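Participant: Fold the following, please.
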Amino acid sequence: MFMRMFRQNEILQGDEVKNFPFRGGVMPITRAKTRRLAKIYENCFREEPWCEVFASGEAVTWLREMICYPGNISLGWRVYLGKIVGAIFAFPLVFKEDVAKFLPQEIDASKVIYIADIFVKKSYRKQGIASALQKQCLDIAKEKGFTHALARTNLESKMRPILAENEYALIQTQEVISNKQVNGKIVPLADVRGIFLRTL
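Facilitator: Next up is the predicted model:
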């Protein structure tokens, strides 16, 4: 079971944490934490280059769906008093068919962890939280027997440098249509997203 992988002093300490300007660490995400995280998620993806618009309850439903996938790795970064300020959600690529089709044929999709979302509250960015979450997620994925990690993001996203730091390579691009706010109006618009792959 996922919770078993976190030993008592593994959650709140580690060499990376000592260099942070605040105390904090990684914790598993539970259903109870998704409502607060959904607000951070919505705020992050309202920013450029996403400019996305969400229906009422859409974000929390998506986060809860992800933590229900078998083999998921859902982690939050918590600071003082247990406040969560960022998260990473990942699950086996077999549950994301529209992205799995871009995987090279020689790679087994059941052995690929899909990095679905990484986001950090604006006031806590540029402190290494997203990179720390990414590292912890990939370490756990490797322990679980995954051989590769795959991520999809807008080519202009701030996450692209983090993917590069973690040795992801761009293997394909995909046009995705989503609801965006433009000049005060909600319109369906396409943007180009990159499919990035790395070996674990």
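
Participant: residue contacts, residue 158?
Facilitator: Contacts for residue 158 (Cβ atoms under 8 Å, 6 or more residues apart in numbering) come out as none. For the C-beta atoms, the positions are set from N, CA and C on the backbone; glycine is no exception.

Participant: Walking through this structure, point out its strands one by one.
Facilitator: Residue ranges of the strands in the chain, as given by DSSP state E, are 25-28, 73-78, 84-92, 112-120, 148-154, 169-182, 185-199.

Participant: low pLDDT regions in this protein?
Facilitator: Judged against pLDDT under 70, the low-scoring parts of the chain cover residues 1-23, 181-183.

Participant: now with 50?
Facilitator: Across the chain, residues meeting the criterion (pLDDT under 50) sit at 1-22.

Participant: What are the buried residues along the longest helix along the chain?
Facilitator: If you go by DSSP state H, the chain has its longest helix at helix 129-143. Judged by neighbour count (16 or more other Cβ atoms under 10 Å), helix 129-143 contains these buried residues: 129-130, 132-138, 140-141.

Participant: What is that helix packed up against?
Facilitator: Contact partners of helix 129-143 among helices and strands, from 3 or more Cβ pairs under 8 Å, 6 or more residues apart in numbering; DSSP states H and E: helix 15-18, strand 25-28, strand 73-78, strand 84-92, strand 112-120, helix 160-165.

Participant: Reformat those into TSV and put mean neighbour count and distance to residue 44 next to each item.
Facilitator: Output for the helices and strands packed on helix 129-143, formatted as TSV (neighbours: other Cβ atoms under 10 Å; distance: least, Cβ to Cβ, whole Å):
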stretch	mean neighbour count	distance to residue 44
helix 15-18	12	22
strand 25-28	20	18
strand 73-78	24	13
strand 84-92	24	9
strand 112-120	24	4
helix 160-165	15	14
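
Participant: Next, the contact list for the closest residue in space to residue 96 that isn't next to it in sequence, please.
Facilitator: In space, residue 96 comes closest to residue 114 once its chain neighbours are excluded; the distance is 5.0 Å by Cβ to Cβ, 6 or more residues apart in numbering. Residues in contact with residue 114, defined by Cβ under 8 Å, 6+ apart, are 90-93, 95-96, 99-100, 149-151.
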